[in-house]
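S.K.: Need coordinates for the below:
(chains A and B)
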2 protein chains.
Amino acid sequence: MSYLGYLRCLRCGTKVAAGAGYGGCPDCAAAGVNVNALPAYDLSGVDDLIPVDRSQRGIFRYRRLLPLSGGDPVVSLGEGGTPLLPVPRLGAALGVPRLYLKDETRNPTWSYKDRLAAVAISRAVADGAETVVVATTGNHGAAVAAYAAAAGLRCVVLTLESVPQTMKTLMQVYGAEVVALRAAPERWQLMAEAVRERGWVPMSGYRNPPVGSNPFGVDGYKTIAYELVEQLGTAPDVVVVPTAYADGLAGIGRGFDDLRELGVIGRAPRLVAAESFGPYSDALASGAELGGPVPAGPTVAFSIGSPFGTYQGLAALRGSDGVGVAVPDDSEILDHQALVGRTEGLYLENASVVAVAAAGKLAHAGQLGPQETVVVIGSSTGLKDVGATAARLPAVPVIAPDLASLDAALGTVTR
Amino acid sequence: MSYLGYLRCLRCGTKVAAGAGYGGCPDCAAAGVNVNALPAYDLSGVDDLIPVDRSQRGIFRYRRLLPLSGGDPVVSLGEGGTPLLPVPRLGAALGVPRLYLKDETRNPTWSYKDRLAAVAISRAVADGAETVVVATTGNHGAAVAAYAAAAGLRCVVLTLESVPQTMKTLMQVYGAEVVALRAAPERWQLMAEAVRERGWVPMSGYRNPPVGSNPFGVDGYKTIAYELVEQLGTAPDVVVVPTAYADGLAGIGRGFDDLRELGVIGRAPRLVAAESFGPYSDALASGAELGGPVPAGPTVAFSIGSPFGTYQGLAALRGSDGVGVAVPDDSEILDHQALVGRTEGLYLENASVVAVAAAGKLAHAGQLGPQETVVVIGSSTGLKDVGATAARLPAVPVIAPDLASLDAALGTVTR
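M.R.: Numbers count the residues shown, from 1 in each chain, chains lettered A, B, ... in the order given. Okay, here's the model as predicted:
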């Protein structure tokens, strides 16, 4: 057997009923600490990493290690199974010789949130949900909206007025009902009310301070760890993850924990939280149970521009000898976005670029050995916010159709 | 053995030296008909569809059926291997019960042009190229720019002033030198001059009337046919392809031809050219060797908004008992884009949506049997032109954080 049908608090170990656990552990919340409760498993019947059923699509190859019971249907758009690309030219530029990029832009809505949404929506369908609700700056909402459409569920999205139009359009095109609020805490307050009064199933977190997302969805990210070990033939030494509330970081860490428990790998990699403003690095330095709030402002990496660090994220970092690396500077981020594009032919969202820059910072600080294999999670595509990229590029000149005009123009477009 | 190291004219069968064949068959051009010459193979040593080397990434699993010689290095970003998604709700809405979507948005630059670029750039590297040049409305240029970056080649892009900013940015971020011209024929004229005077290697066509693209790149699309047969276990009955100069259509047709020659399949599917203004359907009706020019104008499906139909496209249609289906109406296209989004959770570029709409038109006209398996090629992501989608959607309302405000707003956002 595998998923036990309930959640367990990451902090106090209390068993929490699956439905009651969307907002985290009630006991710890009563004690003043907001903490996620995540699915509990019994892996004693799982012999190895071999997928149970090769006829399953996407991440559901690993369904015995996901929070699903035997007969549960799954909602899949063929997520996961993304390439792990060696990026040696980028690695040379950053001082990280053995650098790989996990290209999560290759998912159905072009971000790794699809792994979360596929599991969270599958669980919601199995539990008889009719309406799901999500508070999101974009990628998360787009993924949930797409999977809700594929499942035939109603989807209400609470976003922020400030998110780029592309993100809003993307969520709307999947048929979700999208409204905006002026500040992140307002979304959580409204969402908590809708969950309580309407019985809508939450696809993201809604506590303040935040605990992380839908607990089933978090375990969708476990599949990244499984794929990395299959792709490399062993565990990498370091995995760098763009991090806000750390669903991805925590889920990936839990996946490696599974593989260790199963005896597939000996040692789990060090996890690195690539963050905008530093709540994780601060809390690791101070020993605090929760990160932040730290001073925060606008950032081109808006997907991860959070003042908070969650318990689940800090637990994953502490359990793996990991660190947080802050990259608050827009110019530094956009320079790295262009570097990734011209050296490797990859166009990453700025939140993902923060993870690239963080790897470079670690190398520069002497915190990466030259033989260490480092994986950066390229969590989403640059197409989600083209405006930020375009603002730094020269205008495309309009020319007459002759070689002299072409030569003259080419002198102006080389960066 | 496999690739013979030269091209063969599709019309007269003349053997054309590989380098000399970038502009098509010289003999036919001299006779007044612009025609592509495409790579010649000897499949007698190939026993079946099994990839030669499973350690190869992406489409290069099939490298023995691609225009590469034994020692040629390949440039890969992990293209291909895209999911074939059953889309039953969309199929029901269109009257096509057994409908599948080949999700080509899951490629490295989020379009199926990556298959072309991977092969064309690999061939260029093997041939010692230093600079490549491409005339493009976007997807093609983005793909070529990305693979040129990955290969360390210089890339010059000749685009149109009218293409969306997203497309221009995408090409620039990969480090290409991008300039715009005012009209498509101007690009071809300038490109022909650059190819002749500078020795730059062409990644797209540059003849007028057009013949199609880089001949090696065309064969990159053969891999779609191989994947479809692997995924379905047999050939589909019908494949609908968004079509301008028909690189994709011709390449897919050539892939099925290979499989027939190898005995893997008995009968190749009927190919359908989904087009904006009808040069293919016109030429099939009249028996003309080349399609168009037909009256053309702006279309939201700008990637395929061509007045011309190529010889290679018409040959593929005629050889497979295929048809052309024109979808010129912007409203019809955008309605179908929204339909695909809300029924299946997929966001396709409008050129791809033309193929969806074309499948519906064929069903409506009684040209598809209810038992026929129909595959639509979802060639690129809707993210490439979000503006066209956004223009048809309601504005996202900004609300106060209470349920009453939410209820009031939700009444306005349901479409």
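
S.K.: which residues sit in contact with the most centrally placed residue in chain A?
M.R.: Centrality entry for chain A: nearest residue to the mean C-alpha point is residue A:248, 4.0 Å, by C-alpha atoms, centre = their mean. By C-beta atoms under 8 Å, 6 or more residues apart in numbering or on different chains, the contact set of residue A:248 is A:112, A:221, A:224, A:241, A:242, A:377, A:379. Heads up, the C-betas are built off the backbone N, CA and C, glycines and all.

S.K.: quick one: which of these has the most company?
M.R.: Looking at those with neighbours defined as other C-beta atoms under 10 Å in any protein chain shown, the largest count falls to residue A:112 at 34 neighbours.

S.K.: so it touches residue A:221, yeah?
M.R.: Yes. Counting by C-beta atoms under 8 Å, residue A:112 does reach residue A:221; the two are 7.2 Å apart.

S.K.: how about CSV for the contacts of residue A:248, with pLDDT, secondary structure and distance to chain B added?
M.R.: Shown next, in CSV, are the contacts of residue A:248 (pLDDT from 0 to 100; DSSP: H, G, I helix; E, B strand; the rest coil; distance: C-beta to the nearest C-beta, whole Å):
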residue, pLDDT, secondary structure, distance to chain B
A:112, 98, coil, 13
A:221, 98, helix, 19
A:224, 98, helix, 16
A:241, 98, strand, 20
A:242, 98, strand, 18
A:377, 98, strand, 15
A:379, 98, coil, 15
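
S.K.: Looking at those residues, spot the one nearest residue A:360.
M.R.: residue A:242 (14.3 Å; C-beta to C-beta).

S.K.: any idea which helix or strand carries the residue nearest to the centre of chain A?
M.R.: Here residue A:248 sits within helix A:247-261, counting by DSSP states H and E.

S.K.: what angle do the following helix or strand past that helix and helix A:247-261 make?
M.R.: With elements assigned by DSSP H and E, the helix or strand that comes after helix A:247-261 is strand A:270-275. If you take axes from the mean of the first three to the mean of the last three C-alpha atoms, to 10 degrees, strand A:270-275 sits at 180 degrees to helix A:247-261.

S.K.: What is the next helix-or-strand element following strand A:270-275 packed up against?
M.R.: Sequence order places helix A:279-286 as the next helix or strand after strand A:270-275, per DSSP H and E. For helix A:279-286, the contact count by 3 or more C-beta pairs under 8 Å, 6 or more residues apart in numbering or on different chains; DSSP states H and E identifies strand A:270-275, helix A:311-319, strand A:323-326 as packing neighbours.

S.K.: Buried residues, stretch A:332-351. List them.
M.R.: A:333-334, A:336-351 (16 or more other C-beta atoms under 10 Å in any protein chain shown).

S.K.: Is chain B within reach of that stretch?
M.R.: Yes. Legend: contact between stretch A:332-351 and chain B by C-beta under 8 Å from any C-beta of the partner chain is shown at A:337, A:338, A:341, A:342, A:343, A:344, A:345, A:346, A:347.

S.K.: Go through the residues you listed and flag which are in helices.
M.R.: A:337, A:338, A:341, A:342, A:343, A:344 (DSSP state H).

S.K.: Relative to chain B, which of those is nearest.
M.R.: residue A:342 (3.1 Å; C-beta to the nearest C-beta).

S.K.: mind checking how far stretch A:254-273 is from the chain centre?
M.R.: 18 Å (C-alpha atoms, centre = their mean, to the nearest Å).

S.K.: ok, and for stretch A:295-302, which residues are buried?
M.R.: A:296, A:299, A:300, A:301, A:302.

S.K.: How about the secondary structure of the third one?
M.R.: When you say that, I think you mean residue A:300. coil (DSSP: H, G, I helix; E, B strand; the rest coil).

S.K.: Is it in contact with residue A:331, as I believe?
M.R.: No. Between residue A:300 and residue A:331 there is no contact under C-beta under 8 Å: 9.3 Å.

S.K.: and among the helices and strands packed on helix A:279-286, the most buried is which?
M.R.: strand A:270-275 (a mean of 29; mean count of other C-beta atoms under 10 Å in any protein chain shown).

S.K.: Run through who's touching that one.
M.R.: A:237-244, A:246, A:249, A:252-253, A:280-281, A:304, A:306, A:309, A:313, A:316-317, A:320-327, A:354-355, A:357-359, A:362.

S.K.: Note down every partner strand of it and its orientation.
M.R.: Using DSSP bridges, strand A:270-275 pairs in its sheet with strand A:238-242 (parallel), strand A:323-326 (parallel).

S.K.: all strands of the stretch 101-250 of chain A, in order?
M.R.: For the stretch 101-250 of chain A, applying DSSP state E, counting those that start in this stretch gives strands covering A:131-135, A:154-160, A:177-181, A:201-202, A:238-242.

S.K.: Need the winner for burial among these.
M.R.: Counting by mean count of other C-beta under 10 Å, strand A:238-242 has the highest mean neighbour count of those, with a mean of 30.

S.K.: That one to helix A:311-319, inter-axis angle?
M.R.: Going by the same axes, to 10 degrees, strand A:238-242 makes 160 degrees with helix A:311-319.

S.K.: starting at the chain centroid, how far to strand A:238-242?
M.R.: 10 Å.

S.K.: Check stretch A:103-121 too.
M.R.: In terms of C-alpha atoms, centre = their mean, the centre of stretch A:103-121 is found 9 Å from the chain centre.

S.K.: Wait, a strand at residue A:297?
M.R.: No. Using three-state DSSP, the assignment for residue A:297 is coil, not a strand.

S.K.: Just confirm residue A:288 is within a strand.
M.R.: No. The assignment for residue A:288 (three-state DSSP) gives coil, which keeps it out of a strand.

S.K.: okay, now it: neighbour count?
M.R.: There are 13 residues near residue A:288, going by other C-beta under 10 Å.

S.K.: where's it relative to residue A:310, distance?
M.R.: Applying C-beta to C-beta, to the nearest Å, the value for residue A:288 to residue A:310 is 12 Å.

S.K.: Whatever residue of the stretch 151-300 of chain A ends up closest to chain B: how many residues sit nearby?
M.R.: Using C-beta to the nearest C-beta, the single residue of the stretch 151-300 of chain A nearest to chain B is residue A:175, 3.1 Å away. Residue A:175 has 21 neighbours, counted by other C-beta under 10 Å.

S.K.: so who does residue A:402 touch?
M.R.: Applying C-beta under 8 Å, 6+ apart, the residues near residue A:402 are B:190, B:193.
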